[in-house]
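K.L.:
Quick one, fold the following:
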Amino acid sequence: MKFSSHKAMLLATVMTAGFGLCVPVWAQDAVQTTGSQEQDKSTTVVVVGKRADASRLQMKSDNVVSVMSSDDLEHTAVHNVAEALALLPGVTVTNTGNSFFGGIDGASRGEGMFVGVRGMNTEFTLALINGSNVAQGMPYSRQVQLSLLPPSGLKTIVVNKNSTAEMDGDAIGGTVDFRTPTAFNFKDNYASVTVSGRLESRARDYGDDGLGGGLSAEFARKFGQNKQFGLYVSAFYDKRNFTNSEAAGVMAAQNDGGWGYLHTSDSAGENPANGDAEANLVQTGINLGVSEGSTKRYGGNFSLDWRVDDDTSLYLRGSYARADTEQNSTLDQFVNSQSRVYNSSTGLYDLSLTSSSVRVWYETNPEKADLSTLTFGGVKKAGAWTFSPSLFYSQGNNDRPNHIEASERNNQSDNYNSGTTTPYSGLFITYDSDGYAIPLLTAAQSDLVNNSSTALIARRAGQLTRSFSGQEKTGFKFDAQYDFTSGSLQYIKSGVKFVSSRRLVESHDWTNDHIGNLLGEAGVTWADLGITDGYYNSVYPGLYDNIRVPKVNQQALLDLFYKYFDAASASTDLCYLNCNTLKGTENVSAAYVTGKYVFGNLDVIPGLRYEHTDIHNTYWDNDAEAFASNETQYNEWLPSLFLNYRPQGNAVYRASVTRAYMRPALVQLGNGVSTSGEGGDSLTVTQGNPDLKTLKSWNYDASAEWSNSQGGYAMLGLYYKKLSDYMYDNGSTQVNSGGDTVAGATYNGVTYESVTYVHPTNGGDGHVAGIEAQLYQKFTLLPGWLSGFGAGLNLTKQWSQVDIGGGERHRVQNSPDFMANLKLNYVYERLSVDLNYNYVGETVLSYNTVAGLDIWTRPTRRTDLHAGYDVGHGVTLDLSVSNLFKDYGYWSHVGKNSLAISDVVNSGSTTLLSVKYSY
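P.N.:
Below is the predicted model of the structure:
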């Protein structure tokens, strides 16, 4: 979906307002200066370029922040901004979600997508660009897909780990603010061009070229009689071609029942009473596949500034980023039938497989995502007053325009085919020393899978899903600050803010008939249909080299689908047109007041914020064959108190208590209505719940930071979040589905003995507790070339537990128990070298999934190398290698202590070489 007309209207309004503006009232919320300049009393954010400047900003900040400078970004070896943020303490980056591309589908792209802060799920992170709220285009959550942003064209990223009163309150995890530079961040007129090339090692393992590259440019100029105008423009383009490996046991368990218990108490397959379910798990089927495709990103930023006089400035900021991804996954599938053999010596029933369905499944996972922002505002000082108004607009879309699926199998049955399975006996999976699942294939299975294009029977003429999701945000804010010249009260600041959001999600799914029925003949294969182009001779190089998988011609498959697609029937099918349509508007009004008292070296900053939310949802009632709607309102009081003790210039000690909250996702409040049991005595109605509560949190922080004159910095912090009315990301399905049964109820004019209303519900209380530590030191006191060395680390240890519903307690979703980053760097004369090691501990992805157990991830490790050299004359060379040792990028498994049922992705390493010319 697109909001182009509204975007154009707002842009016209902003430009008209800009040139017809009365100067005395407009102000910029955060004056952006060079890192060497002092921060003004009225400002909240400074744009910085160097690591030293970022450390100073962290020290000066009233709240707890972690700052990444443009210098930091240039010394990373990552695919995008999201991955770069993983180098900061307490920041989690995930490469999958629960939306269009959940689980292994998203992870097999091989790059980080979403960002979480301090043990909270990624949808509890608020994203800003230049201080403006970013649209949340994901269909079923409040996440922002940050992977479409490259690590270029940015000056500063500030991760706020708690919120002062002037900041938005719906940020339990934190607020990530991306700041673009202005012309005034550069000493003189400036321009640069960067050309890069990349190589994906896993694609090379498959025989694909894995090549890619990019081009970016920056331009900054100050002009006018007194250089009072500034223009900054950046643009980027890059393309990545990937081919990654996936071994999907969890997928097989969830989609095809490919799991069981090794020993059971009865022939029905129940786990023995008091038996360890995790230790008894066994994988009975597996999917092995190749995920190949490309991601093309492009966009840019601009800033236009006017320093009218010493007391007045105006600005216009814009950003645009788009990522077009083609992802095609082909998987060999083994779906095996289970039986039970009674063991008289144990009194239990042992698992033994009896037959096997050998299949190949193909799916595309395309995505067209874009994110744009536009902000207009300024700063006006009038005596002791500072006024800071702004208007802003943001649009985000995450579309899946042509997701198609098709399969072939040996036991295909339809009007013309009567396929059969192959015999099998015993267990199907063993494990190597590293925990990888190894299928024990028979000769018949190997022959079928390795010649699948001609040996397996084509099933359907495709299933196509077209999905679109987008959000548009418009808003304004006005801040006013009064500075006192004497006494302990330094200033009082208050303001108002209004954000209006409009959201639309729609999905249309159509499945064609079986190929045999459509063609009127038996035995038709993919080769006969012309939709295969040879094979990948190893489905997973280095692990499953004796198994191959066909290459599918996507366009030929799409042509086949549309040849048999019944467009006339689809155009009159109300459920096809409307069942997966969700619409919503959300208006948030906020007001706050805060101030700062200074008692010697102690700063005291109390604050109070109030936010009122009006949500209107529209959804499809399939039983009534009409759209229905509901409304939700929230009112939140958000007090805060910050204490900052600064005994000397190189130390600060902080303590704070703040209140934050998070609104439920649209799909939980107003999901489509469906019924089951019509014609019987009882009826079940499944629907959204407009009475869901917000997730709320009291946040307690204590920290200390120190710095020295030799480039050293240290931080130690404690935090605790007390949660209530917990919610989690469950994709398009309900969270904590509860049921209320009403006896003798009437529904749609029909009276039933009972009607059960099933809807999402809140969980209970919980907590997240953690310790953060950060240390960095330059060794400038060493002699000669040794003075170029520096070393640092940051560590985060977390504990979390929540009631997900009914008193059932689990770890917080996507909250790792431990995170660490180690850094060694060397800068001397024209050479710079950076070695970064990133570790993320185990996490919970989803609750009560297979066998009633949670799905966990194994710890991940990544080592990145970067080297840069200043050739001179404005030319610099950079070489970086991400995931130098080719560690697995994703490994999920059923149960905390078992690897029996696992999903694994190997995406190898990425090498990037760039040349930059600045003048």
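K.L.:
CA atoms for contacts and neighbours, from now on please.
P.N.:
OK.
K.L.:
Low-confidence ranges, the stretch 51-200 of the chain, go.
P.N.:
The model of the stretch 51-200 of the chain has pLDDT under 70 over residues 51, 99-101.
K.L.:
max-length strand in this structure?
P.N.:
Ranked by number of residues, the top strand in the chain under DSSP state E is strand 312-343.
K.L.:
Flag every buried residue along that strand.
P.N.:
By neighbour count, with 16 or more other C-alpha atoms under 10 Å as the criterion, the buried positions of strand 312-343 are 312-340, 342.
K.L.:
now stretch 644-654
P.N.:
Asn644, Tyr645, Arg646, Ala651, Val652, Tyr653, Arg654.
K.L.:
Give me the nearest residue to the first one, chain neighbours excluded.
P.N.:
The reference is to Asn644. Arg654 (4.5 Å; C-alpha to C-alpha, 6 or more residues apart in numbering).
K.L.:
partners of that neighbour in the sheet?
P.N.:
Asn644, Ser703 (DSSP bridges).
K.L.:
repeat for Arg198
P.N.:
Bridge pairing for Arg198 - DSSP bridges - gives Gly212, Leu912.
K.L.:
does Lys797 count as helix, strand or coil?
P.N.:
The three-state label given to Lys797 by DSSP: H, G, I helix; E, B strand; the rest coil is strand.
K.L.:
Tell me who's in contact with it.
P.N.:
Contacts for Lys797 were tallied using C-alpha atoms under 8 Å, 6 or more residues apart in numbering; they are Gly770, Ile771, Glu772, Asp817, Phe818, Met819.
K.L.:
Identify the residue nearest the third one in space, chain neighbours excluded?
P.N.:
Spatially, and ignoring its direct neighbours in sequence, Glu772 is nearest to Thr796 (4.5 Å; C-alpha to C-alpha, 6+ apart).
K.L.:
The helix or strand where Tyr576 lies packs against which elements?
P.N.:
Remark: Tyr576 resides in helix 574-578, with elements defined by DSSP states H and E. The contact analysis (3 or more C-alpha pairs under 8 Å, 6 or more residues apart in numbering; DSSP states H and E) places helix 574-578 against strand 489-511, helix 567-572.
K.L.:
Among the contacts of Lys797, which one sits closest to Thr684?
P.N.:
The closest of the contacts of Lys797 to Thr684 turns out to be Asp817 (C-alpha to C-alpha; 39.9 Å).
K.L.:
which residues does the closest one contact?
P.N.:
Asp817 is in contact with Lys797, Gln798, Trp799, Gly841, Glu842, Thr843, counting by C-alpha under 8 Å, 6+ apart.
K.L.:
could you redo the last one with a cut-off of 6 Å?
P.N.:
Going by C-alpha atoms under 6 Å, 6 or more residues apart in numbering, Asp817 touches Lys797, Gln798, Gly841.
K.L.:
Identify the residue spatially nearest to it, adjacent ones excluded.
P.N.:
Leaving aside its chain neighbours, Asp817 sits nearest to Gln798 (4.9 Å; criterion: C-alpha to C-alpha, 6+ apart).
K.L.:
Tell me what the one you found is bridged to.
P.N.:
Using DSSP bridges, the bridge partners assigned to Gln798 are Gly770.
K.L.:
That one against Gly770, yeah?
P.N.:
Yes - counting by C-alpha atoms under 6 Å, Gln798 touches Gly770, with 4.2 Å between them.
K.L.:
How confident was the prediction at Lys551?
P.N.:
According to the prediction, Lys551 has pLDDT 97.
K.L.:
Could you report the neighbour count for it?
P.N.:
Other residues near Lys551 come to 19 when the count uses other C-alpha atoms under 10 Å.
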